[in-house]
Each structure stands twice: as structure tokens, then as C-alpha cells.
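*Asks:* Could you look at this predicted model? Sequence included:
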Amino acid sequence: MNHNKKIVLQNGKEFYGTGFGADKDAVCELVFNTSMVGYQEIISDPTYLDQMVVMTYPIIGNYGITDEDFESKIPVIGGLIVRDYNDIPSNFRYTETLSQILEESNVPAISGLDTRMLTRIIRDEGSQVAVLTSADTPVSKAIEMIKNYKPTADAVKKVSGTKIWYSRTANPKYNIVAIDCGIKHSIIRTLKTYGCNVTVVPYNTKADEILALRPDGLLVSNGPGNPSDATCVIDTVKVLKGKLPILGIGLGHQIIALASGAKTYKLICNKSGSHPVKDIKTGKIQSVCHNHSYAVDEISLENTGLKVTHKNVLDGIVEGIEDTAEKLIGFQFHPECAPGPQDAVKAFEKYIALLEAEVKKHA
């Protein structure tokens, strides 16, 4: 664990620290997360594919890693940057340390950096590419590595499963097909609490194959990358909208917008952690979890049939959309991931109501 490491930004700034996890170089987009807890869920969230995450909360690793809390089977995060790393967890549930699971997953990490300064650089200058490397790597070589970096264009393909798999619940009321764009296991667990059997299919599953499974509804999951690159998922939603109730979360929300003729754009810097979101209809404000680098262009929603249902209080970003005629619902935030109060989970109830109506219609 005692590797001397550093971070080099594309502007040439260097931050020195102590390495842990995998002993390897990494060139990734640099983003931050403001959550106070949940580092295990963050490193195993497929949405962070090939991104290096700066944790703003200073102490990370203090409750270890627990087998039941992963969001995916194998962490695909590009790297992890923390202020103080605790390698002696004090949690009766823990089975491994954070460093151990990162090493097993071939993910490099670094501690001892000024994460507040890094976060301000990302916030003010925007997300940028950085290198996590040995402390003695020349800056010129690190900059060259950054210049040669190319973001992946097939991010969803890299995180999606290749086979159909099932997650069943006792006394099911509804059958859901979930398109795996990098689905979080907590979304599946939440749907099961509402009586849903969930069939998870690969991202490139055709519309007729989905209909052959006779679902009551469709979920388009969260995932990494530019939503415009997920063309086969967009095409599938175009075919199925109006035929099934469709819920999109995160990337899935953006894909629903694109399939309806709207546009998306890349944010200056990523949004993560807890943000206040306003329900346009009720006026209520909830604190909900985020993790995204793209957003839906509100102006482009005109004449698509989609209406804005939720907005970010801080910057006005579109957080929720719906088209009642086409049975479409999208959330940019993650209702299954409650940072405190469980109110956000109730966002699923609108979708469950559509499922109930669908089941009654075919009864």
C-alpha cells in the first residue's frame, strides 16, 4: 500500500499522495462525489465507468466493504481519490477493506490529497482528464498520456450484461423487463419491494424480443457515457413507447428524451451526491441522489409530448419528465438511493400506478 503516487491534471498541476488499491497507472475523466457515506455503492456504480472519483468527505474506508451492498458484481470505476483513507474498519458487517476490493478489481486509488482544492478545480474549470501515476513520472510524460486519452464511445456495451437474468420476488404483482445499461442492484431491490419480478436483458435486446417476454412494463436503467451513443437502446424505446409503461432512471431518463425527439448536453462538471429537487405539480422539495454528467435540454422538449415534472432547485436542470399519452416517465435523480428521508422512493409509485392500470387492462 505504500506506493508514492501523484495526480497530474491536464493543466499540469500535480497532487502527491499515497497509493492504495491496484498498483497501476490510470488516465480518466476526473469527477467528484459529495456523499458523506456510500463509498462502496459509488465504486460499484457502473455509471462511473472509467471515471476517477474525488470523494469530498474526508474519511473514507472506515466501515469497510460488505458483500450485500454492491451495486454491481465488479467495480468498473477508473480510480478513487480520498483525503484520509482508513484501512482498519470498525463495522461488524465488513468482509474486506476498501483497498482489498480495489486491488482485486484492478482499480488504483490515492490518499492524502487536498480534495477540497481538486473539487474546486473541477467545479470552476469543469470535468477534465487526469493521470494517476507514480510520483516520479515526469509531468511531460503524464501530459502526453492525457493528450492520447480518448473517452470510450461504447460505455453502455462495456457495463451491460450479455445474458438475460432474473430477479424474482415473493407474491409478484407485475413483471418488469429492465434494459441493462449498467443497472444498479438497488433499483432492482426497490422494484421488488413493490411486487415486481424483474427480468434483466442486455442493452442490445430488440423490441420484439422484449415483447416476447410479455412484460407489464419496461425499465431503462442508469448507465455511463454519452446517451447519444446508446443508439440501439434509443431505437428500442422508440418502438416500445406507447405499448408499455416505460420508466427511465439516470441515463435511461436521457434515452427516453432522445427517443422522443429531445436533445441532451454535457454539463460543465458532473453532478453527484445530494441535491434539492422540486416537484413542479406539488411544489414540494426533496433531497435526492444524483450521478450524471449529461442532462436533458428543456427547450428541446417542446412538441415532443414530454412535460417537465421535476427541476433542480439549484440550477434549474430538468430532473423529471413524463408523457402520459405514451406512458413514459423519466427521473434524472435516483429515487432508489435515498440520502436520508425515504420520500424520494415514492417517485416509483407513479410508475407502479401505470403498471397496475396495464395489468387491469389485460386481465
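*Replies:* Right, received. Where do you want to start? Numbers count the residues shown, from 1 in each chain.

*Asks:* Residues touching stretch 203-217, excluding its own?
*Replies:* 156-157, 160, 164, 174-177, 179-181, 199, 201, 218, 223, 230, 232-233, 235-236, 239-240, 243-247, 351, 354-355, 358-359 (C-beta atoms under 8 Å, 6 or more residues apart in numbering). Bear in mind the C-beta positions are built from the backbone N, C-alpha and C, glycine included.

*Asks:* Of these, select the buried ones using a PyMOL command.
*Replies:* This is how PyMOL selects the buried members of the contacts of stretch 203-217, with burial counted by 16 or more other C-beta atoms under 10 Å:
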select buried, resi 156+157+160+174+175+176+177+179+180+181+199+201+218+223+230+233+236+240+244+245+246+247+351+354+355+358
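
*Asks:* Where strands are concerned, which of the contacts of stretch 203-217 count?
*Replies:* Using DSSP state E, the subset of the contacts of stretch 203-217 located in strands is 174-177, 179-180, 199, 201, 218, 246-247.

*Asks:* In a markdown table: those, plus distance to A22.
*Replies:* Conversion of the ones in strands among the contacts of stretch 203-217 to a markdown table gives the following (distance: C-beta to C-beta, whole Å):
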| residue | distance to A22 |
| --- | --- |
| Y174 | 41 |
| N175 | 40 |
| I176 | 36 |
| V177 | 35 |
| I179 | 31 |
| D180 | 26 |
| T199 | 34 |
| V201 | 31 |
| L218 | 37 |
| I246 | 38 |
| L247 | 36 |
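
*Asks:* Quickly check these for the two that are furthest apart.
*Replies:* In terms of C-beta to C-beta, the ones in strands among the contacts of stretch 203-217 reach their longest pairwise distance at Y174 and D180, which sit 18.4 Å apart.

*Asks:* So what are the structural domains in the protein, by residue number?
*Replies:* According to automatic domain parsing, the chain is divided into the following domains: 3-147, 155-361.

*Asks:* pLDDT averaged over the longest one, what's the number?
*Replies:* Along domain 155-361, the predicted confidence averages to a pLDDT of 93.

*Asks:* CA atoms only for the host helix or strand of Q100, dumped as CSV, please.
*Replies:* With secondary structure defined by DSSP states H and E, Q100 is part of helix 98-104. Coordinates of the C-alpha atoms in helix 98-104 are reproduced here as CSV (Å, rounded to 0.1, in the frame of the first residue of the first chain):
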residue,chain,number,x,y,z
LEU,A,98,-11.7,-0.9,0.6
SER,A,99,-8.1,-1.3,-0.5
GLN,A,100,-8.5,-5.1,-0.9
ILE,A,101,-11.6,-4.9,-3.1
LEU,A,102,-10.0,-2.1,-5.3
GLU,A,103,-6.9,-4.3,-5.7
GLU,A,104,-9.0,-7.3,-6.6
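
*Asks:* List of residues touching that helix?
*Replies:* By C-beta under 8 Å, 6+ apart, the residues outside helix 98-104 that reach it are 1, 20-22, 39-40, 43, 60-61, 64-65, 75, 80, 85, 87, 96, 108-109.

*Asks:* quick one: contacts for I143?
*Replies:* For I143, the set of contacting residues under the criterion of C-beta under 8 Å, 6+ apart consists of 8, 10, 12.

*Asks:* what's around the last one, how many residues?
*Replies:* Just to be clear, that refers to G12. One way to gauge burial is a neighbour count; for G12, by other C-beta atoms under 10 Å, it gives 11.

*Asks:* how much space between it and I121?
*Replies:* From G12 across to I121, the span is 12 Å (C-beta to C-beta, to the nearest Å).

*Asks:* repeat for the first one
*Replies:* Distance from V8 to I121, counting by C-beta to C-beta: 12 Å.

*Asks:* Report the separation between the nearest residue to Y39 once chain neighbours are set aside and A130.
*Replies:* For Y39, the nearest residue in space outside its immediate sequence neighbours is I60; the separation is 5.2 Å by C-beta to C-beta, 6 or more residues apart in numbering. Noted for I60: a distance of 18 Å to A130, by C-beta to C-beta.

*Asks:* Compare the two and say which is more crowded by neighbours.
*Replies:* More crowded of I60 and A130, by other C-beta under 10 Å: A130, with 31 against 22.

*Asks:* got the contact list for the closest residue to that one other than its chain neighbours?
*Replies:* Using C-beta to C-beta, 6+ apart and skipping residues adjacent in sequence, the residue nearest A130 is L30, 4.3 Å away. For L30, the contacting residues are 9, 51-52, 54, 118, 122, 127-130, by C-beta under 8 Å, 6+ apart.

*Asks:* let's see 10 Å
*Replies:* Shown in contact with L30 (C-beta atoms under 10 Å, 6 or more residues apart in numbering): 7, 9-10, 51-54, 78-79, 81, 118-119, 121-122, 126-132, 269-270.

*Asks:* still on that earlier bit, wait, isn't the residue nearest to Y39 in contact with I110?
*Replies:* No - with contacts defined as C-beta atoms under 10 Å, I60 does not count as touching I110, sitting 11.3 Å away.

*Asks:* Now do the shared contacts for those two.
*Replies:* Residues touching both I60 and I110 comprise 80-82, 85, with contact defined as C-beta under 10 Å, 6+ apart.

*Asks:* could those go into a markdown table alongside pLDDT, neighbour count and secondary structure?
*Replies:* Listed next are these as a markdown table, based on pLDDT from 0 to 100; neighbours: other C-beta atoms under 10 Å; DSSP: H, G, I helix; E, B strand; the rest coil:
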| residue | pLDDT | neighbour count | secondary structure |
| --- | --- | --- | --- |
| L80 | 98 | 30 | strand |
| I81 | 98 | 26 | strand |
| V82 | 98 | 25 | coil |
| Y85 | 97 | 24 | strand |
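
*Asks:* Alright, I will stop here.
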